[in-house]
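S.K.: Attaching a predicted model along with its sequence, questions to come.
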2 protein chains.
Amino acid sequence: MSRSTQKEINRENLLNQGVALLMQQGYHGTGLQEILDAVQIPKGSFYNYFGSKENFGAEVIKHYITPYIQQITSYLEQSNADALSALQRYFNESIAELERTDFKGGCLLGNLIGEIGDSSEICRVALQTTLNSYRDVLQLGLSLAQQQGTIRTDKSARDMADLLVNTWQGALLRMKVEQSTEPLKQCCQALLGDFFKA
Amino acid sequence: MSRSTQKEINRENLLNQGVALLMQQGYHGTGLQEILDAVQIPKGSFYNYFGSKENFGAEVIKHYITPYIQQITSYLEQSNADALSALQRYFNESIAELERTDFKGGCLLGNLIGEIGDSSEICRVALQTTLNSYRDVLQLGLSLAQQQGTIRTDKSARDMADLLVNTWQGALLRMKVEQSTEPLKQCCQALLGDFFKA
DNA sequence: CAAATTAAGACAACCAGTCGTATTATAATA
DNA sequence: TATTATAATACGACTGGTTGTCTTAATTTG
């Protein structure tokens, strides 16, 4: 196997493991050694791939969001003239997944904002752009739903998407503390099922 | 000075410093030594007052919320037949304070839920009861406003208080990442100024 | 003086990050 | 094509520092 592709595989494995561990144990709660042991990669290589733990953290953040955006995009494309249902389907699927994993983790973005949003500027910026791109895809869905007449048009899709992201983040925190997905369901019901309705 | 009162003063100082440091740097990001140095208390004493860092964390959590609940209660008592304005005044004051402190810290509860909600059961329970008592006082305000006719009555004060707490927490995270209080203002406007209105 | 409380420092475990060496891949040369 | 030269990467022992906790001695109290 060529060296460059192996390097890519190693990087990918580190990022995946980083997502899993940072989400559950936090940034300072997870040592580099723990990540390296899990994927059997020596410490020296880590510092070749990423320059520092902080840079790694920023890359983990960007790596994290990709599948979620793909999932929403895919749901929106599948939905024929019913973007609102696609969004509801996405959130319901997320809720089901969180129940399967016993409410662990929640959202890496929310967790890291609280922990290192003040202390790491690099990660703060990564969190900002990542959260914005998540907001953008929700905004797209809401704006489609506006065109389809299922979502009110006297509020901007942008504002509603922001509110939805923020309430969802808060509900995820509440879920962890209550060990229940009730806050998540309430979030979807109150916003998508009521406040945003046309 | 008697020993018992000195002990109380030391405990109080440690808790206050703990609130400040844990809020800004997180649980694992703050070492005991840093807290002890700040209040000039030897490490050995710490383990007399609190049994472990984890127990200390749980006590810091409970200690944190008291002034906020007092503030809301005080605003509600001052307000003559206008509980909704009292709540709005509380949130506006909180927003002004966060602007003064450059969006640092946010809410200790939200930050710690994300960081250690999964790993420390003691702290998770402390966070749960603390957040619930915060919700309770907001619920009281909303239910007063319902009686006064300024808040809709087709939704329970409890559900609205939960939604308000969760959205506020999410907005605090968003504030840290955006370095702006805009998300907080949007939260108050959308809920207290629109969705919850009678 | 005896008992209980407090404080100081020792402790092993762990942290992120470094550095010299070993290994490998690529390029140059014959 | 075979051999060598050069560069890039892989590696893990090691560093200085910090972590939370515990043992032990000093101090205070009744």
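M.R.: Nice, I can see it. Remember, predicted model here, so these are calculated numbers, not experimental data.
S.K.: in stretch A:131-149, what's buried?
M.R.: A:131, A:134-135, A:137-146 (16 or more other Cβ atoms under 10 Å in any protein chain shown). Glycine gets a C-beta too; all of them are placed from N, C-alpha and C.
S.K.: same question, stretch A:55-67
M.R.: For stretch A:55-67, by 16+ other Cβ under 10 Å, it's A:N55, A:F56, A:G57, A:A58, A:E59, A:V60, A:I61, A:H63, A:Y64, A:I65.
S.K.: residues contacting the first one?
M.R.: A:N55 makes contact with A:I122 under the criterion Cβ atoms under 8 Å, 6 or more residues apart in numbering or on different chains.
S.K.: show me where chain A has helices.
M.R.: Shown for chain A, the helices assigned by DSSP state H span residues A:3-25, A:32-39, A:43-49, A:53-78, A:83-100, A:108-116, A:121-147, A:157-178, A:182-190.
S.K.: Single out the most deeply packed of the ones you listed.
M.R.: helix A:108-116 (a mean of 28; mean count of other Cβ atoms under 10 Å in any protein chain shown).
S.K.: Please report how far A:L173 lies from A:Q6.
M.R.: Distance, A:L173 to A:Q6, using Cβ to Cβ, to the nearest Å: 39 Å.
S.K.: quick one: the residue sitting nearest the centre point of chain A from B:Q179, how far?
M.R.: By Cα atoms, centre = their mean, chain A has its centre lying nearest to A:I65, at 4.7 Å. Distance of A:I65 to B:Q179, given as Cβ to Cβ: 20 Å.
S.K.: what does chain A put close to DNA strand C?
M.R.: Chain A has residues A:2-4, A:28, A:30-34, A:43-44, A:47, A:52-54 near DNA strand C, with proximity defined as Cβ under 7 Å from any atom of the strand.
S.K.: So, low pLDDT: which residues of chain A?
M.R.: Within chain A, the segments meeting pLDDT under 70 span A:1-4.
S.K.: In it, what residue comes closest to DNA strand C?
M.R.: Chain A approaches DNA strand C most closely through A:G31 (2.3 Å), counting by Cβ to the nearest atom of the strand.
S.K.: Run a quick neighbour tally on that residue.
M.R.: 12 (other Cβ atoms under 10 Å in any protein chain shown).
S.K.: What are the phi and psi values at it?
M.R.: phi -80, psi 150 (degrees, to the nearest 10).
S.K.: who touches the nearest residue to A:Q169 once chain neighbours are set aside in this structure?
M.R.: Leaving aside its chain neighbours, A:Q169 sits nearest to B:G170 (3.8 Å; criterion: Cβ to Cβ, 6 or more residues apart in numbering or on different chains). By Cβ under 8 Å, 6+ apart, the contact list for B:G170 reads A:G110, A:V165, A:N166, A:T167, A:W168, A:Q169, A:G170, A:A171, A:L173, B:P183, B:C187.
S.K.: that older thread, the residues of chain A next to DNA strand C: which two are farthest apart?
M.R.: Spanning the widest gap among these are A:S2 and A:H28, at 36.3 Å by Cβ to Cβ.
S.K.: more crowded one of the two?
M.R.: A:H28 (18 against 7).
S.K.: Thought B:G26 was touching the more buried one, still the case?
M.R.: Yes - look at A:H28 against B:G26 with Cβ atoms under 8 Å: they come within range, at 6.2 Å.
S.K.: Overlap in contacts, those two.
M.R.: Shared contacts of A:H28 and B:G26, counting by Cβ under 8 Å, 6+ apart, come down to A:E115, A:I116.
S.K.: A:P183 and A:V177: what is the separation?
M.R.: 9 Å.
S.K.: next one: A:F91
M.R.: In terms of Cβ to Cβ, A:F91 sits 20 Å off from A:V177.
S.K.: try A:Y47
M.R.: According to Cβ to Cβ, A:Y47 and A:V177 sit 37 Å apart.
S.K.: now A:L84
M.R.: Taken as Cβ to Cβ, the span from A:L84 to A:V177 is 29 Å.
S.K.: Equivalent analysis for A:V19, please.
M.R.: Relative to A:V177, and taking Cβ to Cβ, A:V19 is found at 22 Å.
S.K.: contacting residues for A:G105?
M.R.: Neighbours of A:G105 in contact, by Cβ under 8 Å, 6+ apart: A:M23, A:Q24, A:N111, B:D118.
S.K.: was I right about A:Q88 contacting A:C188?
M.R.: Yes - counting by Cβ under 8 Å, A:Q88 does reach A:C188; the two are 6.6 Å apart.
S.K.: Not counting residues beside it along the chain, what's closest to A:E93?
M.R.: Going by Cβ to Cβ, 6+ apart, A:E93 has A:Q71 as its nearest residue, at 7.7 Å.
S.K.: Pretty sure the one you found sits against A:R89.
M.R.: No - using Cβ under 8 Å, A:Q71 makes no contact with A:R89, being 9.8 Å away.
S.K.: Quick check: closest non-adjacent residue to A:K104.
M.R.: B:D118 (5.3 Å).
S.K.: That neighbour: neighbour count?
M.R.: 21.
S.K.: Distance check, it against B:T130.
M.R.: For B:D118, the distance to B:T130 - Cβ to Cβ - is 17 Å.
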